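J.: quick one: sequence and predicted model below, then my questions.
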Amino acid sequence: MTVHPRTLAGAPSRDSLLRLFETALARRDTIGLDQLQITREEFAYLYYPESKMARPPYELGPELMWLQIRSQRDRGLHRLAAKLGGTRLRIRGLECQPPERENAVVVHQCAARTNGTGIPRQLFGSIIERDGRFKFVGFANRL
C-alpha cells in the first residue's frame, strides 16, 4: 500500500535544512543527505501536480520527470560525498533567484557562499517549500 504524504517530511526552515546538510556532509552521512531530498511519494503527490513542467507547453510526464530528477540527484550526491564529504563546510549565505510559486509549492534556486570562498557555488539543486516545510529536490551540482 502506497502512503500518500500530506506534507513534506522536511525541515521547518530553509536555514535549518542547510544546517542539516552541513552536518550530514561533515559526517559523510550519505543516508542523512538522501533523507533531505524529496522522496518518490513526495514528488508524486506534493511536487509534480503543482509543477509548471506538468502543464503545457512542457507536459513532461511524471515518470520521465522523476527519472531526470533521480539521475541528477544520485550523481550530485556522489560528487558531494567524494569532493566535500568529511569537511566542515559552513554555508555563510545564499545567492538566490526570485522564488517561483507553483500553486502550493515555492521553488528556490540558490547558490551557496561557503567558508573559504565568497564565490557562490552550486552545491544542491532546487529547494522546495510547501506548507512551511523545506527539502531539496536533489543535489544537482557542478563539483
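T.: That came through fine.

J.: distance between the lengthiest helix in the chain and the chain's centre?
T.: In the chain, with assignment by DSSP state H, the single longest helix is helix 62-84. Chain-centre distance of helix 62-84: 10 Å, with Cα atoms, centre = their mean, to the nearest Å.

J.: ditto for stretch 85-98
T.: Counting by Cα atoms, centre = their mean, stretch 85-98 comes out at 13 Å from the chain centroid.

J.: surely residue 48 touches residue 54?
T.: Yes - between residue 48 and residue 54 a contact is recorded at 5.7 Å, counting by Cβ atoms under 8 Å. C-beta coordinates here come from the backbone N, C-alpha and C atoms, glycine included.

J.: now list whatever residues contact both of these two.
T.: 62, 65 (Cβ atoms under 8 Å, 6 or more residues apart in numbering).

J.: quick check: the nearest residue to residue 62 once chain neighbours are set aside vs residue 74, distance?
T.: Of all residues not flanking residue 62 in the chain, residue 48 sits nearest, at 5.1 Å (Cβ to Cβ, 6 or more residues apart in numbering). Distance of residue 48 to residue 74, given as Cβ to Cβ, to the nearest Å: 18 Å.

J.: so the two - more neighbours on which side?
T.: residue 48 (19 against 14; other Cβ atoms under 10 Å).

J.: what residues are up against that one?
T.: By Cβ under 8 Å, 6+ apart, the neighbours of residue 48 are 54, 62, 65, 66.
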